[in-house]
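# A predicted structure for the sequence below; I have some questions about it.
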Amino acid sequence: MHLILLSGPNLDLLGDREPGVYGRERLEDHVARAAATAESLGWTLEHHQSNHEGELVEAVHAARGRAAAVVVNAGALTHTSWSLHDALGAFDGVVVELHLSNPAAREPFRRTSVVAPVADGLVAGMGGLGYELSVIAAVRLVEARAAGPAVPGGRRNQVEEEV
C-alpha cells in the first residue's frame, strides 16, 4: 500500500525556525522516520513539501487512485486553505492531519483548522513522534475501513450521521 505525506509552507525551515516550538530536527529527519515506520508496516511513503498552496493541491489530486492515505502537515495553510480542504475532501482514502505543536494551545488564529472537517483523524502536539504516529494511524484506519463498517469518528461518520 502507498501513503502520501504532505508538508506545507515553512516546514522546509524546521530545525532553524522557532526551535522552541517545533524542535531542532529537520524535516528530512521527520520524513525519514515516517518512511521507516511505513516500511515496517509494509507500506511505501512518498513525501512532497511545498511553500505553494497549489502544488499541495496538485499533490492531493495526483494521490487519487494511487494512494490509500494522505498525511498532511499543512502548516499555516491549515487555517486558511479552502482549496486544500476541497482537494482533501475529494480524496477517497484516509486523511490524517498532523501538527508538531498543539495548535489548540497556541495563538487563537491557529485554533481553527479548515483541514479538520475533511480529515479522519488528528495527531498534534507530539513533536517529531507525531510523524510516526500519524503514519501508524493512517495505516490502521485504512485497515479498519477495509475490514468493515466505518470507524467511529472522522469525516465518513460525520457525513453518515448528518444524512
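On my side now, so go ahead.
# Show me where the chain dips below the pLDDT cut-off.
Counting by pLDDT under 70, the chain shows low-confidence ranges at 16, 18-23, 104-111, 150-163.
# Skip the chain neighbours and tell me the closest residue to G54.
Nearest in space to G54, with sequence neighbours left out and distances taken as C-beta to C-beta, 6 or more residues apart in numbering, is S83 at 7.5 Å. All C-beta spots, glycine's among them, are computed from the backbone N, C-alpha and C.
# tell me which element the one you found falls in.
helix 82-90 (DSSP states H and E).
# on contacts alone, who are the packing partners of whichever helix or strand comes after that helix?
Downstream of helix 82-90, the first helix or strand assigned by DSSP H and E is strand 94-99. Counting contacts by 3 or more C-beta pairs under 8 Å, 6 or more residues apart in numbering; DSSP states H and E, strand 94-99 is packed against strand 69-73, strand 121-124, helix 129-147.
# which of the ones you listed sits most buried?
Comparing the helices and strands packed on strand 94-99 by mean neighbour count (mean count of other C-beta atoms under 10 Å), strand 69-73 ranks first with a mean of 27.
# now what about it, what contacts it?
1, 3-8, 11, 34, 56, 60, 63, 84, 88, 91, 93-100, 115, 119, 131, 134-135, 138-139, 141-142 (C-beta atoms under 8 Å, 6 or more residues apart in numbering).
# and the most centrally placed residue in the chain, what are its bridge partners?
For the chain, the residue nearest the mean C-alpha position is V72 (2.3 Å; C-alpha atoms, centre = their mean). For V72, the beta-bridge assignment (DSSP bridges) gives partners L6, E97.
# Double-check Y131 against H30; I have them as touching.
Yes - Y131 is within contact range of H30, at 4.4 Å (criterion: C-beta atoms under 8 Å).
# Tell me, how many residues neighbour G148?
Neighbours of G148 under the rule other C-beta atoms under 10 Å: 7.
# Actually, A90.
11.
# same question, T44
Number of residues near T44 (other C-beta under 10 Å) recorded here: 12.
# Need the phi and psi values for the residue nearest to it when sequence neighbours are not counted.
Closest residue to T44 in three dimensions, ignoring its sequence neighbours and counting by C-beta to C-beta, 6+ apart: H2, at 5.1 Å. Backbone dihedrals for H2, given as degrees, to the nearest 10, come out at phi -130, psi 140.
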